[in-house]
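In: What follows is a predicted protein model with its sequence.
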Amino acid sequence: MTSARTPGDNCLQGKTCVVLGGGSSAPGWSIGKAICMAYARAGAKVAVIDIAADAATATVELIRAEGGSAIALSGDVTSMTEMQVMLDSAVAAFGSLDVLHNNIGIGKSGASALTSSDDWRRILDANLLSLHVATQCALPAMQAAHGGVILSTSSVASQRYVGVPHLAYAASKAAGNHFCRMAAVEYARFNIRFNAIVVGLMDTPRIRHTMQHAYGSDETQMIAQRNAQVPLGFMGDAWDVANAAVFLASDRARYITGIELPVDGGFCATSSAYLAADTHPG
């Protein structure tokens, strides 16, 4: 069942959007899957890239079921050669490359002392090297077209401690934020905009399937605890991120570059004392 909480005004009509990490590792609406669907509903043609070919295909099938245009691609997003082949395939299918969205995000929760050197390399390669590789491959086409948009899905963990140790993930996302700031200035003269979406505590399939152990509680308690950390009183969902992505990808955001847009229910505005509270004050 799809969500109606996505734009339907064709603000991305005629655009080609490439989404890295556009599948879902579990049933339900992941952030990547929702981003792809939102882009399609806004009129874009979407190239869905995921390391799991079946996950990319599943997203494409949902888009096509609504009459949208999409293709599924799979490969190593840290390989310059494989990334170039995938982007070339998207351009061959749709005729342009207007939006590149890096939605890759892996991590290892738990005590930082237990994060090995191999963990660091694996996490930084996936979360940060992929952003560099995809950007390098996309820039020539965007420069030739005199413009484009490159977005990165980041996290509130890039800016503050979120309640569970997640060091390598947090560090990689913080570096990704600065990558976008630096690249935004460097490539502004080509009308290529870079922005990061700072995602807060979300209720997604991945959270329900992989993060429960980090809270040391059952799923119901974990959800309640995460809701209580957010000033609005509830976690967001994938569509909250997807709608922000559509805005930043569209010409409505033509004068916005080099920012980190929080989609977090006020989480980053809170104090550490608030995070530690079991319930909302008052």
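Out: Right, received. Where do you want to start? Residues are numbered from 1 along each chain as shown.
In: Mind giving me the packing neighbours of the lengthiest helix in the chain?
Out: Ranked by residue count and defined by DSSP state H, the top helix of the chain is helix 167-186. Contact here means 3 or more C-beta pairs under 8 Å, 6 or more residues apart in numbering; DSSP states H and E; on that basis helix 167-186 packs against helix 117-124, helix 130-144, strand 148-155, strand 192-199. In this view, the C-beta of every residue, glycine as well, is placed from N, C-alpha and C.
In: Of those, which is nearest S74?
Out: helix 130-144 (13.8 Å; C-beta to C-beta).
In: What residues sit buried inside the closest one?
Out: 130-135, 137-139, 141-142 (16 or more other C-beta atoms under 10 Å).
In: With stretch 194-204 instead?
Out: Going by neighbour count (16+ other C-beta under 10 Å), the buried part of stretch 194-204 is 194-204.
In: so where do the strands sit in the stretch 1-150 of the chain?
Out: Secondary structure of the stretch 1-150 of the chain (DSSP state E, counting those that start in this stretch): strands at 16-20, 45-49, 70-73, 99-102, 148-155.
In: out of those, deepest packed?
Out: strand 45-49 (a mean of 30; mean count of other C-beta atoms under 10 Å).
In: Can you check what angle separates that strand from strand 16-20?
Out: 20 degrees (axes from the mean of the first three to the mean of the last three C-alpha atoms, to 10 degrees).
In: Would you mark the buried spots in stretch 227-242?
Out: 227-230, 235-242.
In: Off-centre distance for that stretch?
Out: 15 Å (C-alpha atoms, centre = their mean, to the nearest Å).
In: pLDDT of that stretch, averaged?
Out: Stretch 227-242 carries an average pLDDT of 95.
In: how about H101, what does it touch?
Out: By C-beta atoms under 8 Å, 6 or more residues apart in numbering, H101 lies in contact with 17-20, 35, 39, 150-153, 245, 249.
In: quick revisit: now the strands of the stretch 1-150 of the chain in JSON lines, with mean pLDDT and distance to I223?
Out: Compiled in JSON lines, these are given as follows (pLDDT from 0 to 100; distance: least, C-beta to C-beta, whole Å):
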{"stretch": "strand 16-20", "mean pLDDT": "98", "distance to I223": "27"}
{"stretch": "strand 45-49", "mean pLDDT": "98", "distance to I223": "28"}
{"stretch": "strand 70-73", "mean pLDDT": "98", "distance to I223": "32"}
{"stretch": "strand 99-102", "mean pLDDT": "98", "distance to I223": "27"}
{"stretch": "strand 148-155", "mean pLDDT": "98", "distance to I223": "18"}
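In: what about the strands in the stretch 151-282 of the chain?
Out: 192-199, 260-263.
In: Which one of those lies nearest to A269?
Out: Of these, nearest to A269 by C-beta to C-beta is strand 260-263, at 8.2 Å.
In: mind exporting the closest one as CSV, just the C-alpha atoms?
Out: Provided in CSV are the C-alpha atoms of strand 260-263 (Å, rounded to 0.1, in the frame of the first residue of the first chain):
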residue,chain,number,x,y,z
GLU,A,260,22.1,20.5,6.0
LEU,A,261,18.3,20.4,6.2
PRO,A,262,17.1,18.8,9.4
VAL,A,263,14.0,16.6,9.0
